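Q: Using only what follows, build the 3D model:
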Amino acid sequence: MSTGIAVQLAVDTFSAAALYALVALAVSLAYSGSGVIHLAIGQVGLAGGLSAASLHAGGMPLLPAVLVGIAVGGALSGVAERALVSPVIGKPMLGAGILLSAALLAQGVLAGIFRQPAYAFPSASGVYGFLGGIVHKYDLLTLATVAVVAGTSAMVIRSRRVGGSLRLTARAPRLAERLGVPTAMVRTSSFVIGGVLATGAILLGAPRFPLVAAGVGALPLRGIAAAAAGRMVSPRRVAGAALLIAAAEVVGGYELTGGRGEFLCDAVALVLVAAGWRR
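A: Predicted structure coming up:
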C-alpha cells in the first residue's frame, strides 16, 4: 500500500469515526439525563437533515436552512422525551422500547413527507494533496467541527453543576428533585441537545451517507452502537469504538469487495456492543 493510499484511508477513517462519535455523543447525552437509550435518534436527526436539505433545494439560503433543520431535530427529540419518555421515567427498558416503536412509525411518516428518492445537500468541495494522497475538504470540516463540539460538550458534562445534575437526574430523580434540580428540564434539555447533535451529524455526513427518507441509514445505527459499546458513560471507550467501527468500514471497503466491507463493519459494531455490555 502506498503512502498516498494510507493517508487517504486514515483521513477517511477519522472522518467517519468523528460522525459516529457525534451521534454517540447525542445518544450518551440523552442517556445521561434520563437513563434511557435514545433509539429514535436516527429519525429525529434525519427529520432535521431532510428539512434542511428540502428547504435549501427550495431556495432558502444555506445557513438559515441548516438552522431550521437543527431546530426541527432538537424540537422533535424534546417532544419525544416529553411525550414518550417522561411518562415512564424510571423504567428505562420500557422507555427505550417506546422510542423504538416511535422510530419505526416516524420512518413511515418521513417517507410520506419527503418523497424524493434522495436529497442532495451541499458540502465543502475540493481536495488537497498530501503525501501523495488526496484529502477531501469535507473530511477536514467534519473533523474540525466534531472536535470543537466534543471538546465543548466534555467541558460542560464534566462541570460539577451541569454534569452532576445530569447524572443525579438519571440515577436518582427523586433525590435530585429534593436537592432542587429541575429534573424535567434536565431530561428534556438533554434530549433536545441530542437531537441537535444528531441533525448536525446527518448534515455533515451527507457526502458519505446520502439523505434518504426511506431508511435511517448506517450512520445513526453505528453511532448508537459506538455509544452502547462505551456503555454511554465512557467518552474514551465510545471514541475508541467509533474509531474501530470506522476503520472496519473504510479499510474493509478498500480491501474487500461485494459489500463484504460493510458486513465487516457491522460485525465489528455488534462485537463491540456485546463486549461493552458484558463488562
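
Q: C-alpha only now, for contacts and for neighbours.
A: Will do.

Q: doesn't Val186 make contact with Gly33?
A: Yes: assessed by CA atoms under 8 Å, Gly33 is found in contact with Val186 at 6.2 Å.

Q: of the two, who's got more company?
A: Of the pair Gly33 and Val186, Gly33 is the one with more neighbours under other CA atoms under 10 Å, namely 27 against 21.

Q: what separates the helix or strand in which the more buried one is found from the chain centre, distance-wise?
A: Counting by DSSP states H and E, the element that carries Gly33 is helix 3-34. Helix 3-34 sits 9 Å away from the centroid of its parent chain (CA atoms, centre = their mean, to the nearest Å).

Q: What's the mean pLDDT across the helix or strand just after that helix?
A: Going down the chain from helix 3-34, the next helix or strand is helix 41-57, by DSSP H and E. Averaging pLDDT along helix 41-57 yields 94.

Q: Any buried residues in helix 41-57, and which?
A: For helix 41-57, burial by neighbour count (16 or more other CA atoms under 10 Å) applies to 41-57.

Q: same check, this time on stretch 226-236
A: For stretch 226-236, by 16+ other CA under 10 Å, it's Ala226, Ala227, Ala228, Ala229, Gly230, Arg231, Met232, Val233, Pro235.

Q: The fifth one contacts Ala241, doesn't it?
A: Read that as Gly230. Yes: between Gly230 and Ala241 there is a contact under CA under 8 Å: 7.1 Å.

Q: which stretches of the chain have low pLDDT?
A: Along the chain, the model assigns pLDDT under 70 to residues 1, 124, 126-133, 154-177, 179, 181-182, 257-259, 276-279.

Q: quick one, helices of it?
A: Under the criterion DSSP state H, the chain contains helices at 3-34, 41-57, 62-80, 92-113, 137-158, 160-171, 173-178, 183-204, 218-229, 235-255, 260-278.

Q: Would you format these as TSV with distance to Ser125 included?
A: Formatted as TSV, these follow (distance: least, CA to CA, whole Å):
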stretch	distance to Ser125
helix 3-34	15
helix 41-57	17
helix 62-80	15
helix 92-113	28
helix 137-158	6
helix 160-171	38
helix 173-178	47
helix 183-204	12
helix 218-229	21
helix 235-255	20
helix 260-278	25
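
Q: Nearest to Pro210 among the ones you listed would be which one?
A: Proximity to Pro210 (CA to CA) singles out helix 183-204 among these, at 8.9 Å.

Q: for the closest one, which positions count as buried?
A: 183-184, 186-204.

Q: Give me the angle between that helix and helix 41-57.
A: 60 degrees (axes from the mean of the first three to the mean of the last three CA atoms, to 10 degrees).

Q: Can you tell me which helices and strands helix 183-204 packs against?
A: Using 3 or more CA pairs under 8 Å, 6 or more residues apart in numbering; DSSP states H and E, the elements in contact with helix 183-204 are helix 3-34, helix 41-57, helix 62-80, helix 160-171, helix 173-178.

Q: Could you dump those helices into JSON lines and include distance to Leu141?
A: Converted to JSON lines, the helices and strands packed on helix 183-204 look like this (distance: least, CA to CA, whole Å):
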{"stretch": "helix 3-34", "distance to Leu141": "9"}
{"stretch": "helix 41-57", "distance to Leu141": "17"}
{"stretch": "helix 62-80", "distance to Leu141": "15"}
{"stretch": "helix 160-171", "distance to Leu141": "28"}
{"stretch": "helix 173-178", "distance to Leu141": "39"}
